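**Student:** With the sequence up front, the predicted model follows.
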Amino acid sequence: MKFALYTGCVARGATKELMISTMKAARDLGIDFVEMKSAACCGAGVLSEQSPILADALNARTIAQAAKQDLDMITICSTCQGNLKKSECKLDSDAEYRDKINYVLKDGGHQYVSGKTKIKHFANILAAPEGLKLLKEKLKRPLTGLKVAAFYGCYVLRPSELSDFEDPDNPTGLEDIFSALGATPVFYDGRTKCCGFPIVMMNKEASHKMAGNALVDAIESGADVVVTGCPLCHLSLDSYQPEIDQLRQKGYSIPILHLPQLVALALGHSPRELDMHKHIVSVKELEAKLS
Amino acid sequence: MSVIKIKRFNPEKRKDSYFQEFNVDLKPGTTLLDALNEIKWEQDGSLTYRMSCRSAICGSCGVKANGHATLACQKQAENLLDKNDVITVEPLGNMPVIKDLVTDFKQFWEKVDQVKPFLKNEQAPPEKERNQSPEQFKLIDDSSTCIMCGACYSDCNVLEVDDKFLGPAALAKAQRFVGDSRDEDTLERVKELSEPGGIWDCTHCGECVERCPKPAQPFYRIKEIMTVALEKGVHNNNGARHALSFTKSIKNSGLLNENTLPVESMGFTNIKGLLELVPVGLRMLLKGKVPPIIHKPCDELNDVKRIFKELDQ
């Protein structure tokens, strides 16, 4: 399997551990990732607040770059996945708009062609039957006894017509991956909700309450660890966790892992190799459970 | 026989709410509202809910089915059955419950009123009507379809934690007038909508788009107001500064600069806001979890800059 890897900005910046663990997991699974170094930011739904056409043009350029290499695209961030899919949908459903954007892309040597490249989140590759089979074959350290709660990230679920999960209101893709790795999935209401990250600069209190509600729900449902496919959710749930009142009041804390970190752990990598010591919430108890 | 499990509440008889199960034979074509009617008419006349048109036009029969807001008349009951042949029905969320599935829309309507949902135009009316071109109407076509059912309000993730947020329905209604070519109060409207509790408090969760039974789809309307607010120069708030900083960063490097974004979003003179960034910044710094100090642009940056230029940004 060979894909164009759209890393997104945060995996190159504040959550480099996501990039490190993605590359290790992919190598062990025999998946070839070609990093898209000249792709621009997906706009994260923010660039389009200022200029929707600009966000769509940059995303059309990105998709066209993957198409030029005859590769499907993989994202490792729910937000990138959702925003690329939104642009793709707009381009595919409006020929006039597509022509307008292609006119702008022309001088850079790019052209967007509908349907040439599929855009998939890494989770959806792993949660497909072939992906689960591959995980089971390559499993080195089954995560037996580890209770893992998924946190999906809004952008891979909603709007549902752009989601690759079979039932975006009640998805099971991440939980299927956890089971394939030998872990025990924990189902809880908060797993499909918002982490609050997009408004952490605008309404910090509300943002932290959203993250807090989800984490309290996960902890009280018995989870040892929360795993997410979105580095922005990771920042909200991990980096800001010490500031979340609901958790402080109850004396709770819970480690947050990126999905590729959990996968790479089960493939035999040590927590240190996956930069898990750089997380704000300690993973020591988790390490003890694994040993 | 399928089971419809309904959350019941009647404060005149019992303080707390409870679930009651009803067995219903769901024939093909039965909507969830048909099933509720069958229960009320055949099994328990005290079951209380709102309904009227049965055609997804009046917006009365909003309820939560299996945890998500929907119009009861718009969903085939069969499609809602879970693996145990059960449909769980509850009242809409983010509102007080009056009885069974009937909620109190008072705050919902107050917020709609707050966005001044009427055309403001001081010019003397023309002889016939104030015309719009098809292109002008297209800008408010989607928001005009809102039937005020409250499904978006029920499932809004921000309203769950902050009832000061105007919420998706009121903001979609606001776009109906912000985008109206005949309205003369656009600047004043976007200024008010940029205040705390307004457009910039939307968390992009997309629940309102998912639950909306019409093309109104509030999140997309909220983004349209944001674009107008930015165009009109209403920049003196964290949300607008965040969008401007984000765009500048992509324009300069093709990528997001995570070092400058938080500081520029808060604003250089916003001492309180800047101080709020210190704890998380320090925590991340101490763990070595920081973006590179020298922000590296993407390859082929010139092409990104060219696209910005061509699209006049």
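**Tutor:** Nice, thanks for sending it over. Numbering: from 1, shown residues only, chains lettered A, B, ... in the order given.
**Student:** my guess is A:Lys120 meets A:Ser163, correct?
**Tutor:** No - in terms of CB atoms under 8 Å, A:Lys120 does not count as a neighbour of A:Ser163; the distance is 11.3 Å. In this view, the C-beta of every residue, glycine as well, is placed from N, C-alpha and C.
**Student:** Which residue of these two possesses the greater neighbour count?
**Tutor:** Neighbour count, other CB atoms under 10 Å in any protein chain shown: between A:Lys120 and A:Ser163, A:Ser163 has more, with 24 against 17.
**Student:** distance of that one from chain B?
**Tutor:** Distance check for A:Ser163 against chain B: by CB to the nearest CB, to the nearest Å, it reads 10 Å.
**Student:** Also A:Ala26?
**Tutor:** Computed with CB to the nearest CB, the distance linking A:Ala26 and chain B is 21 Å.
**Student:** what's the answer for A:Cys89, then?
**Tutor:** Where chain B is concerned, A:Cys89 sits at a distance of 12 Å (CB to the nearest CB).
**Student:** Please name the nearest non-neighbouring residue to that residue.
**Tutor:** When the adjacent residues along the chain are set aside, A:Cys89 lies closest to A:Leu162, with 5.9 Å between them (CB to CB, 6 or more residues apart in numbering or on different chains).
**Student:** Could you double-check that that neighbour lies in contact with A:Gly82?
**Tutor:** Yes - in terms of CB under 8 Å, A:Leu162 counts as a neighbour of A:Gly82; the distance is 6.9 Å.
**Student:** Mind checking which of these two has more residues around it?
**Tutor:** A:Gly82 (28 against 19).
**Student:** Tell me the secondary structure at that one.
**Tutor:** In terms of secondary structure, A:Gly82 is helix; the call rests on DSSP: H, G, I helix; E, B strand; the rest coil.
**Student:** Tell me how many other residues surround the closest residue to it other than its chain neighbours.
**Tutor:** In space, not counting the residues next to it along the chain, A:Gly82 is nearest to A:Tyr155; the distance is 2.6 Å by CB to CB, 6+ apart. By other CB under 10 Å, 33 other residues sit near A:Tyr155.
**Student:** what's near enough to touch whatever residue of the stretch 151-291 of chain A ends up closest to chain B?
**Tutor:** Closest approach of the stretch 151-291 of chain A to chain B (CB to the nearest CB) occurs at A:Arg158, with a separation of 3.2 Å. Contacts here follow CB atoms under 8 Å, 6 or more residues apart in numbering or on different chains; on that basis A:Arg158 touches A:82, A:168, B:205-207, B:209-210.
**Student:** Adding pLDDT, distance to B:Glu122 and secondary structure as columns, could you present those residues in a markdown table?
**Tutor:** Supplementary listing: the contacts of A:Arg158 in a markdown table, determined by pLDDT from 0 to 100; distance: CB to CB, whole Å; DSSP: H, G, I helix; E, B strand; the rest coil:
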| residue | pLDDT | distance to B:Glu122 | secondary structure |
| --- | --- | --- | --- |
| A:Gly82 | 98 | 42 | helix |
| A:Pro168 | 96 | 47 | coil |
| B:Cys205 | 98 | 38 | coil |
| B:Gly206 | 98 | 38 | coil |
| B:Glu207 | 98 | 38 | helix |
| B:Val209 | 98 | 35 | helix |
| B:Glu210 | 98 | 39 | helix |
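**Student:** Which member of these is positioned nearest B:Gly150?
**Tutor:** Using CB to CB, B:Glu207 is the member of the contacts of A:Arg158 that sits closest to B:Gly150, with 12.9 Å.
**Student:** how far away is that closest one from chain A?
**Tutor:** Using CB to the nearest CB, one obtains 7 Å as the distance from B:Glu207 to chain A.
**Student:** any idea what sits nearest that residue, other than its immediate chain neighbours?
**Tutor:** Among residues not flanking B:Glu207 along the chain, B:Asp155 sits closest, at 4.4 Å (CB to CB, 6+ apart).
**Student:** Show the backbone phi and psi for the spatially most central residue of chain B.
**Tutor:** For chain B, B:Pro168 is the residue whose C-alpha lies nearest the centre (CA atoms, centre = their mean; 3.0 Å). In terms of degrees, to the nearest 10, the main-chain angles of B:Pro168 are phi -60, psi -40.
**Student:** Number of residues surrounding the residue nearest to it when sequence neighbours are not counted?
**Tutor:** Closest residue to B:Pro168 in three dimensions, ignoring its sequence neighbours and counting by CB to CB, 6+ apart: B:Pro218, at 3.3 Å. Neighbour count for B:Pro218, taken as other CB under 10 Å: 28.
**Student:** For the chain, just list every one of the strands.
**Tutor:** All of this is about chain A. Taking DSSP state E, the strands of chain A run over residues A:2-6, A:32-35, A:72-75, A:119-121, A:147-151, A:184-186, A:225-228, A:256-258.
**Student:** Chain B was what I was after
**Tutor:** B:2-8, B:18-24, B:62-65, B:68-71, B:86-90, B:97-99, B:102-103.
**Student:** What residues does the closest residue in space to B:Pro213 that isn't next to it in sequence make contact with?
**Tutor:** Excluding the flanking residues, the one nearest B:Pro213 by CB to CB, 6+ apart is B:Leu71, at 5.0 Å. Taking CB under 8 Å, 6+ apart as the definition of contact, the neighbours of B:Leu71 are B:33, B:56, B:59, B:61-62, B:149, B:151, B:213.
**Student:** Thanks a lot, see you next time.
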